[in-house]
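Visitor: sequence first, predicted model second:
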Amino acid sequence: MKNVMLNVEGMTCGSCVRRIEGAVETLGAKATVDRAAGLVELVYDDSETSLEAIVETIEKQGYDVVK
C-alpha cells in the first residue's frame, strides 16, 4: 500500500470533499480530504491503480493538484 499526500486547490465546501472522495474510491483508493488545509491523503495499492490515474481523476472533477 502506498500513502501519498497531495496539495489540491479549489476545494471550497463539503460537496467538494465528497466529490473527491467518491471519484478516488472508483479507482479502488481511499482519500481523506482536509479541505481547510488543501490536502488530500491517499492510500492505494499501486498494483491496482497509479498515482497518475488518481491525480487525473481529481483534476477531471475540476480541482487543481499542485505538483
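Guide: Received the coordinates, thanks.
Visitor: for the rest of this, base every contact and every neighbour count on C-alpha atoms.
Guide: Fine.
Visitor: what about the most far-flung residue of the chain relative to its centre, distance to residue 27?
Guide: What lies farthest from the middle of the chain is residue 47; by Cα atoms, centre = their mean that is 17.6 Å. Separation of residue 47 from residue 27 (Cα to Cα, to the nearest Å) stands at 11 Å.
Visitor: ok so, going back, wait, a helix at the residue farthest from the centre of the chain?
Guide: No: applying DSSP: H, G, I helix; E, B strand; the rest coil, one finds residue 47 to be coil, outside a helix.
Visitor: just the pLDDT for it.
Guide: Residue 47 carries a pLDDT value of 96.
Visitor: tell me the helix or strand right after the longest strand along the chain.
Guide: Counting by DSSP state E, the longest strand found in the chain is strand 2-9. Next helix or strand after strand 2-9 toward the C-terminus (DSSP states H and E): helix 14-25.
Visitor: following that following helix, which helix or strand comes up?
Guide: strand 30-34.
Visitor: against which helices or strands is the next helix or strand after that next one packed?
Guide: Toward the C-terminal end, the helix or strand that comes next after strand 30-34 (DSSP H and E) is strand 39-44. Strand 39-44 is packed against strand 2-9, strand 30-34, with contacts defined by 3 or more Cα pairs under 8 Å, 6 or more residues apart in numbering; DSSP states H and E.
Visitor: please redo it, this time with the cut-off set to 10 Å
Guide: Applying 3 or more Cα pairs under 10 Å, 6 or more residues apart in numbering; DSSP states H and E, we find strand 39-44 packed against strand 2-9, helix 14-25, strand 30-34, helix 51-60.
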